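>>> With the sequence up front, the predicted model follows.
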Amino acid sequence: MDSQRKIRLTILLGVLSALAPFATDMYLPALPSMNTEFNVGTSLIQMTLTATIVGMGAGQIFAGPISDMCGRKIPLVIGMTFFTLSTIGCMLASDIKIFLIFRLIQGLSGSFGLVIARAIARDCTSGVELTRFFSMLMAVNGIGPILAPVVGGQILVFSDWRGVFMLLSIIGAALIVSTLKFEETLPKKLRAKNFAATFKNFGALFRDKYFIGHVLLQCAWFSVFFSYISGSSFLFQDIYNVSPQTYSFIFGGLSCSLIGAGLIPIKLAGKVAEIKMLAWTVCQAFIGGILFFICVVTHAAIELTILSLFVMIPMGSILSATSFSLSMRNHGKEAGAASALLGSLPMCAGGLMAPVVGIAGNLNAMPLAIIFLTGEVLALTIFFKIIYPTHKRGFVFLRNSL
């Protein structure tokens, strides 16, 4: 792949995979105001986040096999079209139930961009090069969480939450145009013969203990990450009493750290084993979870709470890049199905945690702290019990070098 095509492809795939932060993060500053307008409780308004996340997770189960059978381009165009239409539906909704339905459709259609972007990465690269490429993809993708809440917060200065969804629909329309120009990366001779055959790949993947270990690891992490996305606006705006604009900059700053961390695998790929980077990531995220729990229990100052999040949240970029690369190495022929499982199950796990964050009300951060700590403990356990044994010889070297 020449450098210019690689740059264009990275940008396109980065934007496609950024649909999740665009669809979830851009309207986060508006959640408290939507809570009032729809006249519903905190947990129900957080269900609007869950609907999209679960839709994106469940949709990938079908998007992956479809792309293995039909190629990457046509499913992308269809997915982006439905994403744009459902976003317009969200903007026009006046009832919370209707809004939830359109959010679910938005998630289902947006999932095509997420899963196919990862499958295309596997089509074009492998091994260490896949780690570098996917890290670049995560870095581009990381721009979404930075821009989305900041832009959403500024839109609220002169408009309401509907203005946020108007901008999302424009982004969706732009993605339709971009995908129409996309060059197919899966030749017809390599495609699955029929839809049933693509689902047989799931059986082989579920029997792969090492692969499922990575899926479970990402389930644990996504439970933490989407709980953070769901609860951060209430944490900072309702508990620490910051404005929507200030919150958007705090969220954007943390997202900048995601990009910075995402550059680490790019620099170290081929020099430091991915399993070493993954080990360090899981351990540091665990420390961050402990620090955040202490901050909540002690009602620490906002600066300390933000610091604890800076220890934990950026690790997601490294975890995603290294775990994805390691898990996909033996599954090039079923990249779509493997990408679907790696995307759908973790995202569903994260989506199910989102409403739990607000179970104690918008002025109590203890559920968020418990989810953080529990998720990091599970991630640590999964890594050492399932993933680590396969790399035992390499990890002994890491342990001795610390």
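That came in fine, so what should we check first? Numbers count the residues shown, from 1 in each chain.

>>> Could I get the contacting residues of residue 206?
residue 212 (Cβ atoms under 8 Å, 6 or more residues apart in numbering). (Each C-beta comes from the backbone N, C-alpha and C, glycine too.)

>>> Also residue 160?
30, 33, 37.

>>> among those residues, which ones are buried?
If you count burial by 16 or more other Cβ atoms under 10 Å, the buried members of these come out as 30, 33.

>>> Let's have the contacts of residue 160 in CSV, adding pLDDT, distance to residue 111 and secondary structure.
As requested, these are arranged in CSV below (pLDDT from 0 to 100; distance: Cβ to Cβ, whole Å; DSSP: H, G, I helix; E, B strand; the rest coil):
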residue, pLDDT, distance to residue 111, secondary structure
30, 83, 23, helix
33, 81, 28, helix
37, 83, 28, helix
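
>>> so where is this protein shaky, pLDDT-wise?
1-3, 21, 126-127, 138-146, 195, 197-198, 332-333, 335, 360-361, 392-402 (pLDDT under 70).

>>> Out of the contacts of residue 160, which is nearest to residue 107?
The closest of those to residue 107 turns out to be residue 30 (Cβ to Cβ; 17.9 Å).

>>> pretty sure that closest one is touching residue 163, no?
No - applying Cβ atoms under 8 Å, one finds residue 30 not in contact with residue 163, separated by 9.0 Å.

>>> any residues in contact with both of the two?
With Cβ under 8 Å, 6+ apart as the test, residue 30 and residue 163 both reach residue 156.

>>> With the flanking residues excluded, which residue is spatially nearest to residue 283?
residue 380 (7.1 Å; Cβ to Cβ, 6 or more residues apart in numbering).

>>> Contacts made by the helix or strand encompassing the one you found with the rest, please.
Here residue 380 sits within helix 366-382, counting by DSSP states H and E. For helix 366-382, the surrounding residues in contact (Cβ under 8 Å, 6+ apart) are 213, 216-217, 220-221, 223-224, 227-228, 231, 235, 282-283, 285-286, 288-290, 292-293, 295-297, 312, 353, 356-360.

>>> show me what contacts the closest residue to residue 33 other than its chain neighbours?
Spatial nearest neighbour of residue 33, chain neighbours left out: residue 161 (6.6 Å); criterion: Cβ to Cβ, 6+ apart. Residues in contact with residue 161 (Cβ under 8 Å, 6+ apart) are 27, 30, 33-34, 37.

>>> any idea how far residue 161 is from residue 373?
Separation of residue 161 from residue 373 (Cβ to Cβ, to the nearest Å): 32 Å.

>>> same thing with residue 58?
From residue 58 to residue 373 the distance is 27 Å (Cβ to Cβ).

>>> Kindly report the same for residue 194.
For residue 194 relative to residue 373 (Cβ to Cβ), the value is 46 Å.

>>> More neighbours: which of the two?
Per other Cβ atoms under 10 Å, whichever of residue 194 and residue 373 has more neighbours is residue 373, with 20 against 9.

>>> which residues touch residue 35?
Residue 35 neighbours (Cβ under 8 Å, 6+ apart): 41-42, 45, 362.

>>> Make a PyMOL selection of the buried ones in those.
Buried residues within those, by 16+ other Cβ under 10 Å, are selected in PyMOL with:
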select buried, resi 42+45+362
